[in-house]
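predicted model and sequence below, questions to follow.
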Amino acid sequence: MRLFIENPEIKFVYCKSYFFDERRKFRNFSSSKDCTQKKLIQTLLLKNCIGSASVVMVDRICFEKVGFFDEGLVVAEDWDMWLRICRRFKFTSISKPLVKIRSRKGSQSYFGNKNLENELKFLNKVFSDASLRRKWFLRRNAYSYRYYSAAIAYRENGDKRQVRICILKSLYLFPLGFFNKSRLALLIYGFFGKWVFNKLRRIRKYFMRVKRYNNVFQII
């Protein structure tokens, strides 16, 4: 509230959040951070980097100008709303995690693969906008990232067949994205299995340790 009072031009504030599982074990925390309007909008076209409605405070004028949540979107209505607001209003973020979110099996946040169809529907809506229709590069990257995210959810559920299908679609849509080591690792997992994936990861860690030791000896 203090941010709103001290900065009346700001209409939208979001913060980081903790995620924990059914056993109250810490999983990770959201990576949302403060950035420029252009940068945040570009990121929001790829993923919901802000999070759920639990982590935001919104001035009422935002809803009066951009409208309410789109009830036609089953799971991406908050993502759609943040994008609409950030394209029109000034915002800021709080770097400290202030919210705890429970992720359990059977919840929408856990089974992200169930959300793929609706997230693609959301992207269809976004890129039907005249200002984005010709952004071919960005559009293919956004759709590719959706399939990559679905592949991660399928991996958590142990469905290697769907991991392979989604990761191949992601690769086809935006091959440049696979210069990212996380996407490349998921591709290896989908086609060669968990044993090969873990073996390669151990080999990589070994060479990283050797490299560190060599750097230490060079300094000595």
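Thanks, I have the structure now. No experiment lies behind these values; they were computed from the predicted model shown.

contacts, neighbours, all on C-alpha from now
Fine.

quick check: next helix or strand after the lowest-mean-pLDDT helix or strand in the chain?
Lowest on mean pLDDT, DSSP states H and E among the helices and strands of the chain sits strand 26-29, with a mean of 50. Downstream of strand 26-29, the next assigned helix or strand under DSSP states H and E is helix 37-44.

can you list the buried residues in that following helix?
Gln37, Leu40, Ile41, Leu44 (16 or more other CA atoms under 10 Å).

ok, stretch 43-63 next?
Buried, per 16+ other CA under 10 Å, within stretch 43-63: 44-52, 55-56, 58, 62.

try stretch 139-158
Buried residues in stretch 139-158 (16+ other CA under 10 Å): 139-155, 157.

stretch 67-76 now?
Buried, per 16+ other CA under 10 Å, within stretch 67-76: Leu73, Val75, Ala76.

for Asn118, see how far away the second one is.
Applying CA to CA, to the nearest Å, the value for Val75 to Asn118 is 6 Å.

again with Phe91
Distance from Phe91 to Asn118, by CA to CA: 27 Å.

the more surrounded of these two?
Higher neighbour count among Phe91 and Asn118: Phe91, with 21 against 16, using other CA atoms under 10 Å.

what sits against that one?
Ile10, Lys11, Phe12, Val13, Gln37 (CA atoms under 8 Å, 6 or more residues apart in numbering).

tell me which element the fourth one is part of?
Counting by DSSP H and E, the element that carries Val13 is strand 10-20.

show me how this protein divides into domains.
Domain assignment for the chain by automatic domain parsing gives 1-104, 111-220.

list the buried ones in the longest strand that the chain contains?
As assigned by DSSP state E, the longest strand anywhere in the chain is strand 90-102. Residues of strand 90-102 classed as buried: Phe91, Thr92, Ser93, Ile94, Pro97, Arg102 (neighbour count, 16+ other CA under 10 Å).

return it as CSV; C-alpha atoms alone will do.
The C-alpha atoms that make up strand 90-102 are tabulated as CSV, following Å, rounded to 0.1, in the frame of the first residue of the first chain:
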residue,chain,number,x,y,z
LYS,A,90,3.0,1.9,-14.9
PHE,A,91,4.0,-0.9,-12.6
THR,A,92,6.7,-2.0,-10.1
SER,A,93,7.7,-5.1,-8.2
ILE,A,94,8.8,-6.1,-4.7
SER,A,95,11.9,-8.3,-4.8
LYS,A,96,11.2,-10.0,-1.5
PRO,A,97,8.9,-13.1,-1.5
LEU,A,98,5.8,-12.3,0.4
VAL,A,99,3.5,-15.2,-0.6
LYS,A,100,3.6,-18.9,0.0
ILE,A,101,1.9,-21.1,-2.7
ARG,A,102,1.3,-24.8,-2.2
